[in-house]
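Engineer: Just to be clear, the model below is a prediction. Sequence and coordinates:
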Amino acid sequence: MSVDTADNSTVRADGQHNSLLVAQLREQFGGQLLHEQGTLTGMPVLWVSRGALVDVLTTLRQLPEHPFEMLFDLSAIDERLRSRRHGLPESDFTVFYQLLSVSGNRDILLKVALSERDLSLPTVTPVYRNANWYEREVWDMYGVRFEGHPNLSRILMPPTWNGHPLRKDHHARATEVDPYEMTVESQEREQEAMQFQPEDWGMQRQSESTEFMFLNLGPNHPSAHGAFRIVLQLDGEEIIDCVPDIGYHHRGAEKMAERQSWHSFIPYTDRIDYVGGVMNNLPYVMAVEKLAGIEVTARIQTVRVMMSELFRITSHLLFLGTYLQDLGAMSPVFYTFTDRQKGYEVIEAITGFRMHPAWFRIGGLMQDLPKGWDKLVQGFVDWMPARLNEYEKVMMENSMVRDRTRHIAAFDTANALDWGVTGPNLRATGCDFDLRKQRPYSGYENFDFEVPLGSNGDAFDRGQLRIEEMRQSVKILQQCVNNMPEGDYKADHPLTTPPPRERMLEHIETLITHFLQVSWGPVLPANESLQMVEATKGINSYYLTSDGSTMSYRTRIRTPSFPHLQQIPDLMRGGFVPDLIAHLGSLDFVMADVDR
Amino acid sequence: MTYTLTRVEDALAAENERYPLEKRERVDDPMQQQVHRSVFTGKLDEVLNSTVNWGRKHSLWPYNFGLSCCYVEMTTAFTAPHDVARFGAEVIRASPRQADFMVIAGTCFVKMAPVIQQLYDQMLEPKWVISMGSCANSGGMYDIYSVVQGVDKFLPVDVYVPGCPPRPEAFLQGLQLLQDSIQEERRPLSWVVGDQGVYRAEMPSQREKHRDRRIQVTELRTPDSI
């Protein structure tokens, strides 16, 4: 085992905790741990041999103290064109497994090197159930086979697709190939390929007593919240089993990151969780700032928190309106959208845009707060509490809402961690895990707020909890208005993008530097970094790999809604169709946050 | 006025034909043709057409169809602050068979395109399509392997609404433009009366119409104050 000592390696092992863990693994697995990589991810990064992978994961999952309960993320990276690898093990394709221990509040990242000629790995679904979809995604995007996987089929791309898009030799742009063309014949072929075959999923068409009905819900259905499809196996109205089908909203954001400059990718992050606005910018710019070594001012941090919390409120309002509409209530959406409009008036006055402001910058903000911002935010802060009380009274105390949602699609903390559920849906089970408290970022440690918890983990708690979360966000907004620090809206650092204009106007050298940084974009040092945030729907993280160029080598976007949808069949077996609709409403997902 | 003519029989699927299926040709006002044939059916026909069109344009039932971000802004237009009922388009239908127009609100994905075509085929005539947002108009910022570069690669589009996403007000303007163009349309009044074709008026480009006014703007408000 070798320890990476490259110039840019900054092993930021969080105290003894991590080094003890690594020492323990080293003792147990010896030569199977090939390498410990120094990165800026803030967690141990271990390369393990293919043969030992399942054993290492099993050990980590079953640690007597602070086990890694959750497979947080699983994806891969095509290393074939990466030039700065600093003594990393030989690899054409690297598959990585990121584990999270909620009880120990720590993470670990395992990597497995694969050769181009032998792209296969044992499945880890027996250890972590939620590896299922992630492994399908890696197969779809990279063509890595997982031996023993229950149904290794494409998940994001259509079944008729050729090639694996995230491979470096796959085209990125649609305009690099022939224009899209639909013919009567191709239409028939695609429709045929979309037909659901129960046998593919190990389903019976009939039981001894009854013939099952297969109901296709989506990809366009009013309660499916976007392009989401789920096929139900029904006995009467009872759901025997169901198969979610995603990928109808795959915009290739991760591939896009590989051909945008670090700066020009920011607008794409807005559109990941498209109701989360600048909240999406936050993990990305913070991960980039880690690579660049930028420290931002207290004012930047506070403004970022304020705007993110504003978007948390507008997102939760959208949730509340649609959740109740799915339950059959027509009017809530009219009320909550009125509030959203009030929120957007503030957001628009500050950022100049409604849904996708792309307002955060590497090392700062697009501009300073405009004059009079505080009155606007105060107006919104004063408006909301009465409305929230009304919602609680009129909607959540409504007996029909309660009957439709209490004890519906309920799950406990263990089940949630098993499936990778995070955010409000996890906290509804009573698990106190909010990154703003557990791992404060961007100055959240300076705010006084509570983390609301549920107890039953049912559809009702998930709704109720979000109303309480909005109250807490309003409380944070008030503190921002009261205590906004003075300071610059751009960090004083050469990689801050775009650089301050005053610095450009000194002499020809500064002008050239400015020109390069704006046109080509900043060059970030080769390294890897990762930032998680508590986004509107759960934990959202960006795992960036820089190869020392103006563009990202690999951007992995871990979104919370992807595992939330994967969990659905486990909860819905034995439920009724209206329960499924209530559950879909209570999950709070948007498809861009699933398919990226 | 010049018209675009789409004949009913041209919209039928033939073996391996490319979408959009319908063929369009530019023709003169059908009224003119009637006059040249010295058959004057003018006034009654005109009154009937404009009455029917008036009814159609003020009772447009949208199909509840959303793809991505734009759909949120479209929904915003449907709710209280913007109130689409002012334009007679608040009766949102969950089934394509009951809807009059479809708004392609969001990105048109390669995996979704066959579904969109299927849903469009299920809508009954008369039907219209609004393409909402940059993605639906042209692919927008998503020039990427999984995105069709504009829904008009396979669907006939009546109105394009620019923006990423367009504001709810922009959607409402798009709806009004659709209404204007419906007012000018000529459709058969029955299966036995007149020409069995759909004449769509070529409406003026909004960009050209407003260019003069727009380039006169010289002072933009500073973003430093609200």
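Structural biologist: Nice, thanks for sending it over.

Engineer: List the contacts of residue 145.
Structural biologist: You didn't pick a chain, so chain A it is. By Cβ atoms under 8 Å, 6 or more residues apart in numbering or on different chains, the contact list for A:Arg145 reads A:119-121, A:139, A:152. From N, CA and C alone the C-beta is placed, and that goes for glycine too.

Engineer: oops, I was thinking of chain B
Structural biologist: Residues in contact with B:Tyr145 (Cβ under 8 Å, 6+ apart) are A:165, A:170-174, A:177, A:252, A:255, B:110.

Engineer: Show me how to select, in PyMOL, the buried members of the residues you listed.
Structural biologist: Of the contacts of B:Tyr145, the buried ones can be selected in PyMOL as follows, counting by 16 or more other Cβ atoms under 10 Å in any protein chain shown:
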select buried, (chain A and resi 165+170+172+173+174+252+255) or (chain B and resi 110)
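
Engineer: Sort out which residues of stretch A:249-260 are buried, please.
Structural biologist: In stretch A:249-260, counting by 16+ other Cβ under 10 Å, buried: A:249-258, A:260.

Engineer: Revised request: answer the last question for stretch A:440-456.
Structural biologist: Quick answer for stretch A:440-456 (16+ other Cβ under 10 Å): A:441-444, A:447, A:449, A:451-454, A:456.

Engineer: Show me the two of these that sit farthest apart.
Structural biologist: A:Gly443 and A:Asn456 (33.3 Å; Cβ to Cβ).

Engineer: what about burial for the contacts of A:Arg145, which qualify?
Structural biologist: A:119, A:121, A:139, A:152.

Engineer: quick one: pLDDT of the residue of the stretch 451-596 of chain A found nearest chain B?
Structural biologist: Chain B sits closest to A:Ala592 of the stretch 451-596 of chain A, with a gap of 5.7 Å, by Cβ to the nearest Cβ. Predicted confidence (pLDDT) for A:Ala592: 90.

Engineer: What sits closest to it if chain neighbours are left out?
Structural biologist: Nearest residue to A:Ala592 in three dimensions, chain neighbours excluded: A:Tyr274, at 5.0 Å (Cβ to Cβ, 6 or more residues apart in numbering or on different chains).

Engineer: Any idea how many residues pack against that neighbour?
Structural biologist: 24 (other Cβ atoms under 10 Å in any protein chain shown).

Engineer: quick one, what contacts it?
Structural biologist: Counting by Cβ under 8 Å, 6+ apart, A:Tyr274 touches A:355-356, A:590, A:592-593, B:68-69, B:72.

Engineer: let's see it at 7 Å
Structural biologist: A:355, A:590, A:592, B:68-69, B:72 (Cβ atoms under 7 Å, 6 or more residues apart in numbering or on different chains).

Engineer: out of these, which one sits closest to A:Leu376?
Structural biologist: Nearest to A:Leu376 among the contacts of A:Tyr274 is A:Met355, at 17.9 Å by Cβ to Cβ.

Engineer: And for the closest one, the neighbour number?
Structural biologist: 23.

Engineer: wait, is A:Asn415 part of a helix?
Structural biologist: Yes: counting by DSSP: H, G, I helix; E, B strand; the rest coil, A:Asn415 is part of a helix.

Engineer: Could you report the pLDDT at it?
Structural biologist: pLDDT, A:Asn415: 92.

Engineer: count of neighbours near it?
Structural biologist: Using other Cβ under 10 Å, A:Asn415 has 16 other residues around it.

Engineer: Distance check, it against A:Val577.
Structural biologist: 22 Å (Cβ to Cβ, to the nearest Å).

Engineer: Going along the chain, name the strands of the stretch 351-500 of chain A.
Structural biologist: Applying DSSP state E, counting those that start in this stretch to the stretch 351-500 of chain A gives strands spanning A:360-361, A:364-365.

Engineer: Note down every partner strand of the first one and its orientation.
Structural biologist: So that's strand A:360-361. Here strand A:360-361 is paired, per DSSP bridges, with strand A:364-365 (antiparallel).

Engineer: Narrow the buried ones among the contacts of A:Arg145 to those in helices?
Structural biologist: Among the buried ones among the contacts of A:Arg145, the ones falling in helices (DSSP state H) are A:Trp139.

Engineer: re earlier: turn the contacts of B:Tyr145 into CSV, including pLDDT, distance to A:Ala428 and secondary structure.
Structural biologist: Formatted as CSV, the contacts of B:Tyr145 follow (pLDDT from 0 to 100; distance: Cβ to Cβ, whole Å; DSSP: H, G, I helix; E, B strand; the rest coil):
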residue, pLDDT, distance to A:Ala428, secondary structure
A:Pro165, 93, 35, coil
A:His170, 91, 40, coil
A:His171, 91, 43, coil
A:Ala172, 91, 39, coil
A:Arg173, 90, 42, coil
A:Ala174, 88, 40, helix
A:Val177, 88, 45, coil
A:Gly252, 91, 32, coil
A:Lys255, 93, 34, helix
B:Val110, 92, 36, coil
